[in-house]
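K.L.:
Give me the fold of what follows.
(one chain, ligands or ions: 1)
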Amino acid sequence: MIEVSASNASGSIYSRTEEMMNGEILKFDMGYNSKANMGLKMKAIVCTKYGPPEVLHLKEVEKPTPRDNEILIKIHATTVNYGDTLARNFKDISPRKFNMPFLFWLFAKIYFGIRKPKITILGNEFAGEIASAGKDVKSFKQGDRVFGYLGQNMGAYAEYLCMPEDGCVALKPANMTYEEAAVVPYGAIMALNLLRKMNIHPGQNVLVNGASGGIGSAAVQLARHFGAEVTGVCGTPRIELVKSLGADSVIDYTKEDFTQSGETYDLIFDILGKSSFSRCKSSLSQNGRYLLASFKMRQLFQMLWTSMIGSKRIICAIASGSKEDLISVKELIEAGKIKSIIDRRYPLENTAEAHQYVETGNKKGHVVIILEHNNKT
Ligand SMILES: NC(=O)c1ccc[n+]([C@@H]2O[C@H](COP(=O)([O-])OP(=O)(O)OC[C@H]3O[C@@H](n4cnc5c(N)ncnc54)[C@H](OP(=O)(O)O)[C@@H]3O)[C@@H](O)[C@H]2O)c1
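P.N.:
Predicted coordinates for the structure are as follows:
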C-alpha cells in the first residue's frame, strides 16, 4: 500500500480525535455530525499504539453519521493485507525496510503518526451494505450492496464507516459474496492501474514476480485477460494457488532463478522489486519493459536513463485507487475474469489473530475478517 499518489477513496475519514485518561480510551470522535451520533455506538478494532498484532483491541466507539454527500456503509467483510500490517507497525519500519524512496517513507511516517498511530481504525478494503445516505447522494440508495477501497485513509475494521459517494466505492459484483468481494479491491485496482500503463497485447509474454500476493494474484489474472501468456513466480507453498489463478507456467523462486531460464518476456512485473534490472535485462525481449511496483531512488534514476538509452526500459509506477478502476474490476469479476481465493476467515474480535497469521507468511490466498451481521449474500 502507501500509494503516495492520492487515492480518491475518501477525503473524509475523518479527523479522529481521542480523549485518553489513564490509558483508557474514553471517546473516539469520528469527526462528523456528533449530535446525531450521541449515544450511538459500534464495535471496532482500535489500535492506539504501534506494535505487534496484540495492539489491536475490540472497542466500542461512536457510530459515524454521514454528511450530506456521504454514505453510511454497514460493513460485512474486510481484510488483512500488506497495508494493514505496515500501518499497524509503522514505527518499526525504517526507510531501508520501506519498499519505496525515502521521501515516500517520510510522507507515510508523518501521515500515519511518528510516535503513535494517527489512524486508529485500520482496514482498507470492505464489502457491505448502504445503511443510509446523506441528502445529496445520487448514485447509491439504502440497501445497495457495495464494495470498495479506502486507501491510506482506512477505517474498515468497524461495523460502520462513512465515505463520500464519489469515493472508491461501487456496487458489489453480483456473482460474489461479501467476503469474496471484500478481498478483491486493493490488489485488483493496483494491478489493473499498473498493467494498463503497459498496454499489454494478446500473445505477449508476461512474468509476474510475487504472483501469490495481493497485487500479483490479480496481475496474473488480468494479464491473462489482456491475452498474454503468463508466468507466475512465487514460493513453494503457493505454486498450486498461482496455477489456479490461470498462470500458464509457475516458477518457484526458492528452486529456480527465472533470469537464468533462457526465456524472454515482453513484460517483467516485479511487485516487491526482489529482482534487479541488470539481472533481468537478458530476460527481456527487444523493447521489453521491467515494471516495478516497489522501488527506490536508484530505480528512478535507472528509469530516466533507460528512457534515453537502449530499447529495454525500467518503469517505476504508482497506482491510484480510482472509482473508475473499481467499476472496471466489478465488470471483470462479473465476466468471470477475476476470482478471489480465501485462505482463512476470522470474526472481527479475532482481528489480532488474523494479523498474526498473515505475518507468519504462510497464507495461501486472502485473509478475510467477517463482521457479525454478515448474511453472506
Ligand atoms: N506502486 C504502487 O502503486 C503500489 C501500490 C501498492 C503497493 N505497492 C507495493 O507493493 C508491495 C506489496 O505488494 P502486495 O500487497 O502484493 O504484497 P503481498 O501480498 O505481501 O505479496 C508479496 C508477494 O511477494 C512474494 N515474494 C516474497 N519474496 C519473494 C522473492 N524473494 N521473490 C519473488 N517473490 C517474492 C510473495 O510470494 P510467496 O508468498 O509465495 O513467498 C508474495 O507473492 C509493497 O512493496 C508496496 O510498497 C506499490
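K.L.:
Domains of the chain: list them as residue ranges, please.
P.N.:
17-185+322-370, 198-316 (automatic domain parsing).
K.L.:
comparing those, which gets the lowest mean pLDDT score?
P.N.:
Mean pLDDT values for the domains of the chain show the minimum at domain 17-185+322-370, a mean of 91.
K.L.:
picking that back up, which among the domains of the chain is found nearest to the ligand?
P.N.:
domain 198-316 (1.9 Å; Cβ to the nearest ligand atom). All C-beta atoms are positioned from the backbone trio N, CA, C, and that covers glycine.
K.L.:
OK, contacts around Pro101?
P.N.:
By Cβ atoms under 8 Å, 6 or more residues apart in numbering, Pro101 lies in contact with 295-297, 300.
K.L.:
could I get the domains of the chain as TSV with distance to Leu192?
P.N.:
Listed next are the domains of the chain as TSV, based on distance: least, Cβ to Cβ, whole Å:
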stretch	distance to Leu192
domain 17-185+322-370	5
domain 198-316	6
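K.L.:
still on that earlier bit, among the contacts of Pro101, the buried ones, what's the PyMOL command?
P.N.:
Listed next is the PyMOL selection for buried residues among the contacts of Pro101, using 16 or more other Cβ atoms under 10 Å:
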select buried, resi 295+296
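K.L.:
Now render the contacts of Pro101 as a markdown table, adding distance to Glu359 and secondary structure.
P.N.:
Listed next are those as a markdown table, based on distance: Cβ to Cβ, whole Å; DSSP: H, G, I helix; E, B strand; the rest coil:
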| residue | distance to Glu359 | secondary structure |
| --- | --- | --- |
| Phe295 | 24 | coil |
| Lys296 | 24 | coil |
| Met297 | 28 | helix |
| Leu300 | 30 | helix |
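K.L.:
mind giving me CSV with the contacts of Pro101 and columns for distance to the ligand?
P.N.:
CSV is the format used below for the contacts of Pro101 (distance: Cβ to the nearest ligand atom, whole Å):
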residue, distance to the ligand
Phe295, 8
Lys296, 11
Met297, 15
Leu300, 12
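K.L.:
Looking at the contacts of Pro101, which one is closest to Glu165?
P.N.:
Phe295 (34.1 Å; Cβ to Cβ).
K.L.:
Which helix or which strand is home to the most centrally placed residue in the chain?
P.N.:
Centroid-nearest residue in the chain: Tyr186, 3.0 Å away (criterion: Cα atoms, centre = their mean). Assignment of secondary structure by DSSP states H and E places Tyr186 within helix 185-196.
K.L.:
that older thread, how about JSON lines for the contacts of Pro101, with distance to Ile271 added?
P.N.:
Output for the contacts of Pro101, formatted as JSON lines (distance: Cβ to Cβ, whole Å):
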{"residue": "Phe295", "distance to Ile271": "11"}
{"residue": "Lys296", "distance to Ile271": "15"}
{"residue": "Met297", "distance to Ile271": "19"}
{"residue": "Leu300", "distance to Ile271": "17"}
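K.L.:
got the residues of the stretch 201-350 of the chain near the ligand?
P.N.:
Proximity of the stretch 201-350 of the chain to the ligand (Cβ under 6 Å from any ligand atom) is limited to residues 209-216, 233-235, 238, 253, 271-272, 274, 293-294, 317-319.
K.L.:
List the neighbouring strands of the following helix or strand past the helix holding Tyr186 plus their orientation.
P.N.:
As assigned by DSSP H and E, the chain's next helix or strand after helix 185-196 is strand 205-209. Listed by DSSP bridges, the sheet partners of strand 205-209 and their directions read strand 229-234 (parallel), strand 265-270 (parallel).
K.L.:
The ones you listed: which one's closest to Lys109?
P.N.:
strand 265-270 (24.8 Å).
K.L.:
and that closest one, C-alpha only, in CSV?
P.N.:
Below are the C-alpha coordinates for strand 265-270, written out as CSV (Å, rounded to 0.1, in the frame of the first residue of the first chain):
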residue,chain,number,x,y,z
TYR,A,265,9.4,-11.7,-21.6
ASP,A,266,7.8,-8.6,-23.0
LEU,A,267,7.0,-7.5,-19.5
ILE,A,268,8.5,-8.5,-16.2
PHE,A,269,6.3,-7.1,-13.4
ASP,A,270,8.1,-7.3,-10.1
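K.L.:
Pull the residues that contact the helix or strand following it.
P.N.:
Of the helices and strands lying after strand 265-270 in sequence (DSSP H and E), the nearest is helix 277-280. Residues from elsewhere that reach helix 277-280 (Cβ under 8 Å, 6+ apart): 259, 268, 270, 290, 299, 302, 306, 314.
K.L.:
Relative to Ala228, which of these is nearest.
P.N.:
Nearest member of those to Ala228, counting by Cβ to Cβ, is Ile268, at 11.9 Å.
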